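Asks: based on what follows, work out the 3D shape:
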Amino acid sequence: MNRVILMGRLTRDPEVRYSQGERSMAIARYTLAVDRRGRRGQDSSAEQQTADFINCVAWRQPADFLGQYARKGALVGVEGRIQTRSYDRQDGTKQYVTEVLCD
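Replies: Below is the predicted model:
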């Protein structure tokens, strides 16, 4: 089962683009900063707060909604699935991308 639920803050305004063709659809790309609490270092009684930065992609109506109403710093809940993909850069190296495809 590939299911993920996240809650975090937008690191910047969502980037909304529209596909080409007669049935264009909205595609929003954004990054969530998701808090992660944990104990690190020699003083294990002290709790440190760090964040994971998760790339997300939304399609169609949710993408339009994010583009209209969501701004940097907004608290956003996301449900979707994790997807990995790769592509070759112009310099010949392979680039790997992991992102959440949002429902």
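Asks: distance of the nearest residue to Val97 once chain neighbours are set aside from Glu15?
Replies: Of all residues not flanking Val97 in the chain, Arg85 sits nearest, at 5.3 Å (C-beta to C-beta, 6 or more residues apart in numbering). Placement of C-beta: from N, CA and C, glycine included. Arg85 sits 18 Å away from Glu15, going by C-beta to C-beta, to the nearest Å.
Asks: if we can go back for a sec, so which strand or helix has the residue nearest to Val97?
Replies: Taking DSSP states H and E as the criterion, Arg85 maps to strand 75-88.
Asks: and what of Phe65?
Replies: Going by DSSP H and E, Phe65 is in helix 60-69.
Asks: what angle sits between that helix and strand 75-88?
Replies: Angle, helix 60-69 to strand 75-88, by axes from the mean of the first three to the mean of the last three C-alpha atoms, to 10 degrees: 120 degrees.
Asks: so how far is helix 60-69 from its chain's centroid?
Replies: What separates the centre of helix 60-69 from the centre of its chain is 14 Å, taken as C-alpha atoms, centre = their mean, to the nearest Å.
Asks: ok, residues contacting that helix?
Replies: Pro14, Val16, Met25, Ala26, Ile27, Ala28, Tyr30, Ala58, Val76, Cys102, Asp103 (C-beta atoms under 8 Å, 6 or more residues apart in numbering).
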